[in-house]
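Build me a model from this:
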Amino acid sequence: MSDPTGTKSGLRRRFGFERTRSWLSGYFGFEEHGTDLKTEVIAGITTFLTMSYIIVVNPAILSQAIQIEGYGTQAVFQMIAIATILSSVIGILVMALYANRPFGLAPGMGLNAYFAFTVVIGLGVPWQTALAAVFVEGVIFILLTLVGARRYIIELFPEPVKFAVGAGIGLFLLLLGLIEMNVIVAADATLVQLNDVATNPVALLSLVGLGVTLILYAKGITGAIILGIISTALAGWGLTLGGVVDRGVLTPAELSSAQYDITPLFGAFVDGFSQIEPATFLLVVFTFFFVDFFDTAGTLIGVSQFGGFLDEDGDLPEMDKPLMADAVGTTAGSILGTSTVTTFVESSAGVEEGGRTGMTALTVGICFLLALLAVPLITAVPQYASYLALVVVGLIMLGGVTDINWDNPAWLISSGLTITVMPLTASIADGLAAGIISYPVVKAAMGEFDDVRPGQWALAVAFVLYYYVTAGGVLSGT
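Here you go, the predicted structure:
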């Protein structure tokens, strides 16, 4: 005879699950979007696997620039990893519960490298001030989204620059990744050259790991980048433990204990407001905003087109809602201690699996929260392994050049300068400036002066004045 208590308990659990599923279906509109709970959850897990590399890569990049007195590099690394996860979750929750879109968010590739290597290390801006710039950018983004000013901003910037910025960042990431993997080194005669890869364990293993990652990606394997990072890290540890190389060559020299206290990082942006140099700060804010805005808008349109979310005019209905998720995530991220949060193009993997609602995004957020448990293990990943992601993502971003009208001189010149100046100067801002300055000049030379908006001339003049003051010796009096 069966246990009636157990039967009732099972019925209650089943009834509770059905009621929860029914509530989720109604809240996210499963029937309206032609989906169900199982499909949404699978789609969310797929998206997480494709973008989870950011949990390792973002702290690997930012820890190059963020130094906290009394804490070692690995402790700071873990703090940034936690900030990365929490800022992603905040942005994703807004995307899921407010925008009801199946997109994942996290600190964006390119802007994290710009934050660390250009702003902090290159320009000498304190990392706290760089976080303050991200905070200001996020607040501006929120305000502009609230008043629906997206259309006016889009019209302000030259189209060739908007289409070229992704490819420029891609080249920037590609070069940076190869340098950090010891594959490319500095050279007096040619600026950079191929390293002696065969005699350099880091470069050799990096290239093998990169090859494996690119093969996985080409075969369409879900999570190819994170699988490549993990397999390369495991290979490094295997060679170390097997006595092939000494400890510290292919693996960290030592591992720190778990570090879940992020109070030294949390709110550090406030101190950054006391160390502002106005002209540089404005340029940094502008760059963060420009790249974040158009990267997010481009990603949203691209992924939405793939998922059939666009209307007959090619617009994403209620686009201000997912933009708000990006803005809130960015603002929260700066408070927590990380660079700009943006919508990830890897969300297309989940959309391909059938994700159509915010339930997909909610699943991504839950997966990010669970990743908090793995934070102590993240420091065991060698930095060269994490930089594989920069090369792969950089290659993917080069695809944007197909959208450029190379037959038009104005597009050719402004897009070409934007793309090439970024990696050559290791600065996204300099690339943007080159494109923005050249566009109205070339259009005027072509006799198309009327096609240039007053705001575009104003931007160009502002950049010329900035570089005259900062790079022309005015500040130093020379």
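
how deep is residue 196 tucked in, by neighbour count?
11 (other Cβ atoms under 10 Å). Backbone N, C-alpha and C define where each C-beta goes, glycine included.

can you start the count at 840 instead of 1 from here on
Happy to do that; since the first residue is 840 now, the last one works out to residue 1035.

residues in contact with it?
By Cβ atoms under 8 Å, 6 or more residues apart in numbering, the contact set of residue 1035 is residue 1042.

where in the stretch 1140-1289 of the chain is pLDDT low?
For the stretch 1140-1289 of the chain, the stretches with pLDDT under 70 are 1152-1153.

How about residue 1100: what's its closest non-neighbour residue?
In space, and not counting its chain neighbours, residue 1100 is closest to residue 918: 7.6 Å by Cβ to Cβ, 6 or more residues apart in numbering.

if I read this right, residue 1039 contacts residue 1021, doesn't it?
Yes: Residue 1039 is within contact range of residue 1021, at 5.4 Å (criterion: Cβ atoms under 8 Å).

Which one's more surrounded, those two?
residue 1021 (20 against 17).

measure that one to residue 1223 for me?
7 Å (Cβ to Cβ, to the nearest Å).

Same check on residue 1020?
The separation that residue 1020 has from residue 1223, given Cβ to Cβ, amounts to 5 Å.

shared neighbours of those two, anything?
1041, 1045.

which of these two has more neighbours?
Taking other Cβ under 10 Å, residue 1020 and residue 1223 do not tie; residue 1020 has more neighbours (28 against 25).

who touches the more buried one in this structure?
Contacts of residue 1020 by Cβ under 8 Å, 6+ apart are 1041, 1042, 1045, 1046, 1049, 1223, 1226, 1227, 1230.

what do you get for residue 1263?
So residue 1263 contacts nothing (Cβ under 8 Å, 6+ apart).

And for residue 1069, the neighbour number?
Using other Cβ under 10 Å, residue 1069 has 16 other residues around it.

Can I get the helix or strand containing it as CSV, trimmed to CA atoms?
Using DSSP states H and E, residue 1069 sits in helix 1063-1080. In CSV, the C-alpha atoms belonging to helix 1063-1080 read as follows (Å, rounded to 0.1, in the frame of the first residue of the first chain):
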residue,chain,number,x,y,z
ALA,A,1063,34.1,27.1,-27.8
ILE,A,1064,36.0,30.1,-26.2
ILE,A,1065,35.6,29.0,-22.6
LEU,A,1066,36.4,25.4,-23.5
GLY,A,1067,39.6,26.7,-25.2
ILE,A,1068,40.6,28.7,-22.2
ILE,A,1069,40.0,25.8,-19.8
SER,A,1070,41.8,23.2,-22.0
THR,A,1071,44.8,25.5,-22.4
ALA,A,1072,44.9,26.1,-18.6
LEU,A,1073,44.7,22.4,-17.9
ALA,A,1074,47.5,21.7,-20.4
GLY,A,1075,49.7,24.3,-18.7
TRP,A,1076,49.0,22.7,-15.3
GLY,A,1077,49.6,19.2,-16.7
LEU,A,1078,53.0,20.2,-18.1
THR,A,1079,53.9,21.9,-14.8
LEU,A,1080,52.9,19.0,-12.5
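
after it, next one along is what?
Moving toward the C-terminus from helix 1063-1080, the next helix or strand (DSSP H and E) is helix 1108-1111.

in that following helix, what's buried?
1108, 1111 (16 or more other Cβ atoms under 10 Å).
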